[in-house]
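Colleague: pasting the structure only:
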């Protein structure tokens, strides 16, 4: 049974395969679906209107179409999630490879750094980093990336420790292969499956953390639309009870994004695990 067959036998994988790409495509094609200008796309005459034929998700306190804001806010949140996970994966992968293969003092120092980062709750660590660097979209990406790094260090290190003692690795060592060649041509390919699964799961987590920073005013700054910022604006303006659609739809798309990537990650885990025979 190959990877695709195992993946399609996973119910969560099939649901995630529909949800995650759908959300990503909405974010990707937002400028094509509706060109948005935050300086001009507001109409105070239609502020806080409920969902209707003209405005499917209603309007906010500035008379902006919430459907359009959600599209662009989703684009911003997903950008932070994908970029931060990519950065965390790259740095965590490199540090994990070095720590697991060379061991010794290098492994000890990297282990200490990892333990220190993991000692803080992820959102508090992200808030501390953004507070030091200043609230901005770039700071949010950096903060969420730093939070992701220790996860990939530990995962990569554990895979390297299990593979470095395998006979095929010892064989290429005996043939005089360099450590770089051993790491990237022989050990890394065998570590990709759990890294791919973790990266998929982390996109949902990173998107949620980005929305949390935006809600606290530490992420994307106005007039850039962002899902967490939209929720914060609704609560600050007192619209959450009188105009609930201003919070329901941004919150719904945060939930769908996290759920979609989590389910997709579960499906990939089932598909890439050769032991899962159903």
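Modeller: Thanks, I have it. All figures in this text were calculated on a predicted structure; none of them were measured in a lab.
Colleague: Does residue 72 touch residue 33 like I think?
Modeller: No - counting by C-beta atoms under 8 Å, residue 33 is not a contact partner of residue 72; they are 9.8 Å apart. Glycine gets a C-beta too; all of them are placed from N, C-alpha and C.
Colleague: neighbour count winner among these two?
Modeller: For residue 72 versus residue 33, the count of surrounding residues by other C-beta atoms under 10 Å is larger for residue 72: 22 against 13.
Colleague: secondary structure class for that one?
Modeller: On the three-state scheme (DSSP: H, G, I helix; E, B strand; the rest coil), residue 72 is labelled helix.
Colleague: And the helices in the stretch 51-200 of the chain?
Modeller: 66-102, 104-118, 122-133, 137-163, 167-174, 179-181, 188-215 (DSSP state H, counting those that start in this stretch).
Colleague: Next, format these as TSV and append mean pLDDT and distance to residue 250.
Modeller: Shown next, in TSV, are the helices of the stretch 51-200 of the chain (pLDDT from 0 to 100; distance: least, C-beta to C-beta, whole Å):
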stretch	mean pLDDT	distance to residue 250
helix 66-102	91	6
helix 104-118	90	30
helix 122-133	89	18
helix 137-163	91	16
helix 167-174	82	49
helix 179-181	85	46
helix 188-215	89	8
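Colleague: what number of residues lie near residue 99?
Modeller: Using other C-beta under 10 Å: residue 99 sits among 24 other residues.
Colleague: That one: what's it in contact with?
Modeller: 106, 107, 110, 111, 153, 157, 160 (C-beta atoms under 8 Å, 6 or more residues apart in numbering).
Colleague: Please pick the buried ones from these.
Modeller: 107, 110, 153, 157, 160 (16 or more other C-beta atoms under 10 Å).
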